[in-house]
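[1] What follows is a predicted structure for the sequence shown.
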Amino acid sequence: MSTIMSEDTMEKKRPVSAENTPRTLLDWKVRRDARDTWDLFRDVLQASGITLWPHHPDFLGISPLQLKVPESFMPNGYAYVTPDRRVDRKDGYEKDGPGSARELIWFESTNESKRAARLRDGRDGIVRVVALRDEGRVHLKILRKVATEPLALLTNNHALPMLAEITSDPVTFCVFPIVGGGNIRRAYDEWPKSSVGDILDMLTQALEALVFIHDLNIAHRDAFPDNFLVQWQPESLYTMKVPTTRPRVFLIDFETAVLFEPDSDPSYRTCLGIPTGVQETYSRPLTQEMKSGQPYDPFKLDVWQLSICLTFDTNISEVDEILQSMRIRDALGRPASNDVLAQLQSAVNSMSPQSLLIPLVPLHTEGH
């Protein structure tokens, strides 16, 4: 990771008035004129070799790259498509439909804090507003710790690497590679034909991601499946073959994460209330401890968040019992991430890959 240009250097290019910048991160996320706000920093970004993707005129929040598929998206090591989804054998890719290279040239965000962009080397990435004035400083500190070298080189660290950090008063942008396969939730909620084996591999990696940050005294507090991205969707039920290679899972969005000092008393590593601080605008599921008004263990919260939106059973009793233990309402009875990881690895490693080439069973239980 590198810091691209100094604040002083960029302001000589085109000064940006702090008065024209949203006052808070929330304002930036929801403001209707966010496109104009991003335009204020267009020269700053271009001076760093970053060109924002153009907006599609008909779709708010979607930024298609207006180039033909074979010429548009350079390999970046984080985004792949499988050969099994090809329908146009002459051109070698699927022009339309799920799982095709066409998906790599579209970016859709649920808020205005992110933009897709073409980077200096011709590859594409995501530019995100991380810090604004005094907000986002913990988020930035955590990214500098887990998403940059040397920790970003560790195999058990699944934090999506940060490629660059760009500061132009009063904003700090961070740049990340585009990950091509969507998130874990897509694997069981959308078009991919995922097997139990596909999903368990993703969940094992997600748990490894949590164990890694927990060991660093970092709790994510938004560890839902949609914040775990995959390089591609293996779809082993589509091929009915055990995959030779598996996609790597990446953990993103540390906006509500907390970082405790290494010498802090473990009994005081607690949080209170809603991660965003405002329950009225919080749209995620709530745990019992978050509503209690009492301090709670945010590491146990991560375990619950990863599991509560898994709307399926595997029909493998040992595995389903492990997943159910992650959803225990009482945090005192809920296992820690390292215990769940060890249990799930033990269970999966005792089974043949072929035995996991089976479909998921939709779960219709209250609370899911």
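    Perfect, I can see it now.
[2] all contacts plus neighbour counts: C-alpha atoms, from now on.
    Fine.
[3] which ones are touching the nearest residue to A159 once chain neighbours are set aside?
    Distances taken as CA to CA, 6 or more residues apart in numbering place L251 nearest to A159, at 4.6 Å, with adjacent residues excluded. Listed by CA atoms under 8 Å, 6 or more residues apart in numbering, the contact set of L251 reads 158-160, 206, 209, 227-229.
[4] Tell me the bridge partners for L251.
    Counting by DSSP bridges, L251 forms beta bridges with A159, F228.
[5] Report the beta-bridge partners for R118.
    T51, D124.
[6] could you list every residue that touches it?
    Counting by CA under 8 Å, 6+ apart, R118 has contacts 50-53, 124-125.
[7] and if you look at L341?
    Contact analysis of L341 by CA under 8 Å, 6+ apart lists 204, 207-208.
[8] Look up how far W38 lies from the closest residue to L119 other than its chain neighbours.
    Leaving aside its sequence neighbours, L119 sits nearest to I50 (CA to CA, 6+ apart; 4.7 Å). Going from I50 to W38 by CA to CA, to the nearest Å gives 12 Å.
[9] How about Y80?
    Relative to W38, and taking CA to CA, Y80 is found at 29 Å.
[10] where does this structure have low pLDDT?
    Scanning the chain for pLDDT under 70 picks out the ranges 1-18, 57-58, 60-61, 65-71, 86-96, 364-368.
[11] so where do the strands sit in the stretch 51-200 of the chain?
    51-52, 114-118, 124-132, 164-168, 171-177 (DSSP state E, counting those that start in this stretch).
[12] Single out the most deeply packed of those.
    Of all the strands of the stretch 51-200 of the chain, strand 114-118 has the most neighbours on average by mean count of other CA atoms under 10 Å, namely a mean of 24.
[13] residues near I218, how many?
    22 (other CA atoms under 10 Å).
[14] Give me the spatial nearest neighbour of it, chain neighbours excluded.
    L259 (4.6 Å).
[15] Please apply the same query to Q305.
    Spatially, and ignoring its direct neighbours in sequence, Q305 is nearest to F224 (5.0 Å; CA to CA, 6+ apart).
[16] for that neighbour, what are its contacts?
    F224 neighbours (CA under 8 Å, 6+ apart): 302, 305-307, 309.
[17] again, 10 Å this time
    Applying CA atoms under 10 Å, 6 or more residues apart in numbering, we find F224 in contact with 183-185, 206, 284-285, 302-310.
[18] Could I get the phi/psi values of it?
    The phi/psi pair for F224 (degrees, to the nearest 10) reads phi -80, psi 160.
[19] quick one, domains of this structure?
    With domains defined by automatic domain parsing, the chain comprises 2-65+106-177, 184-362.
[20] hang on, the earlier thing: write a PyMOL command that selects only the buried members of the contacts of L251.
    Buried subset of the contacts of L251, written as a PyMOL selection, criterion 16 or more other CA atoms under 10 Å:
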select buried, resi 158+159+160+206+209+227+228+229
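[21] Show the residue spans covered by the helices in this structure.
    7-13, 25-30, 34-40, 42-47, 69-72, 137-146, 184-189, 196-215, 236-239, 288-291, 298-308, 317-326, 337-349 (DSSP state H).
[22] Just give me how far the third one sits from the chain centre.
    Pointing back at helix 34-40 there. Between the centre of helix 34-40 and the centre of its chain there are 24 Å (CA atoms, centre = their mean, to the nearest Å).
[23] Buried residues in it, which are they?
    For helix 34-40, by 16+ other CA under 10 Å, it's 34, 37-38, 40.
[24] Counting by contacts, list what it packs against.
    Judged by 3 or more CA pairs under 10 Å, 6 or more residues apart in numbering; DSSP states H and E, the packing partners of helix 34-40 are helix 25-30, helix 42-47, strand 114-118.
[25] Packed most tightly, which of the ones you listed would that be?
    Mean neighbour count (mean count of other CA under 10 Å) peaks for strand 114-118 among the helices and strands packed on helix 34-40, with a mean of 24.
[26] can you give me the angle it makes with strand 124-132?
    Orientation of strand 114-118 against strand 124-132 (axes from the mean of the first three to the mean of the last three CA atoms, to 10 degrees) gives an angle of 140 degrees.
[27] how far away is the closest residue to W28 other than its chain neighbours from L132?
    In this structure, W28 finds its nearest non-sequential neighbour in P22, 5.5 Å apart by CA to CA, 6+ apart. For P22, the distance to L132 equals 9 Å [CA to CA].
[28] shared neighbours, the two?
    Common neighbours of P22 and L132, counting by CA under 10 Å, 6+ apart, are 28, 170-171.
[29] So which of those is the closest to P353?
    W28 (46.2 Å; CA to CA).
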